[in-house]
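**Student:** fold the following and give me the result.
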Amino acid sequence: MAAQIGELSKLQVNNTQAQINSDAETAKRLQDEERERERLRKETEEKDLALAKQCNEEEQTALQEPIPAQPSHAIKTRNKNKRKAVVEVMKRAERNSRRVIEPVGLNEEPLDEEEEEDLEELNRRKKKAVEISTATPSSRPIIAQTSRPPKPASGGFGFGKRTLGISSVWAG
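**Tutor:** Predicted coordinates for the structure are as follows:
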């Protein structure tokens with residue numbers, strides 16, 4: 001029996017030793033995997049940092065280079081309409097003023113007869129233009145504003161309508 005116990009003890013020692021060796025290999029493999037993960041993490045961080053730096057540099061160069069922006073249709077139309085309006089105003093200004101109006105000064109020479117006639121003609125044109133613009137009928141009727149008597153301060157809120165005591169005191 002002692003021999004069997006000895007053999008069992010040896011078997012147990014061998015199993016324990018094999019388990020210890022297996023655990024040591026597993027621990028070593030886990031440490032190697034952990035080191036590899038750490039190395040990959042650092043490598044990824046470095047790549048991300050380099051990529052972020054590159055993107056920032058590209059953005060800076062893109063900001064420095066003017067990009068020709070394509071105006072939208074609405075902007076094109078608005079600009080076109082503005083140009084047309086400016087041209088029309090310029091044409092009207094040319095038609096309305098045949099000569100340059102000089103600012104009134106202290107040392108100004110008196111107008112001769114021809115200049116006075118031109119000034120009278122210009123005034124007549126202005127007067128006629130004003131009459132035409134005011135004589136144009138409107139499509140909606142003109143409603144005269146009536147003057148309304150001022151409302152009492154408490155009129156809009158319904159004060160004094162239900163309380164007879166207060167309204168009778170205030171009335172008189």
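**Student:** any stretches of the chain with poor pLDDT?
**Tutor:** 66-71, 98-116, 132-172 (pLDDT under 70).
**Student:** identify, by residue count, the longest helix of it.
**Tutor:** Longest helix of the chain, by residue count under DSSP state H: helix 2-64.
**Student:** same for the helix or strand just after that one, what does it pack against?
**Tutor:** Next along the chain after helix 2-64, taking DSSP states H and E as the criterion, comes helix 73-96. Identification of packing neighbours for helix 73-96 by 3 or more CB pairs under 8 Å, 6 or more residues apart in numbering; DSSP states H and E yields helix 113-135. Any C-beta I mention is one placed from the backbone N, CA and C, and that applies to glycine too.
**Student:** so who does residue 95 touch?
**Tutor:** With contact set as CB atoms under 8 Å, 6 or more residues apart in numbering, residue 95 has no partners.
**Student:** for residue 81, grab the count of nearby residues.
**Tutor:** When counting by other CB atoms under 10 Å, one arrives at 10 neighbours for residue 81.
**Student:** ok, it to residue 88 distance?
**Tutor:** Noted for residue 81: a distance of 11 Å to residue 88, by CB to CB, to the nearest Å.
**Student:** same check on residue 5?
**Tutor:** Distance of residue 5 to residue 88, computed by CB to CB: 120 Å.
**Student:** who are the packing partners of the longest helix of the chain?
**Tutor:** Judged by 3+ CB pairs under 8 Å, 6+ apart, helix 2-64 is in contact with no other helix or strand.
**Student:** distance check, residue 27 against residue 17.
**Tutor:** Separation of residue 27 from residue 17 (CB to CB) stands at 16 Å.
**Student:** typed the wrong thing, it's residue 34
**Tutor:** Look at residue 34 and residue 17: by CB to CB, they are 26 Å apart.
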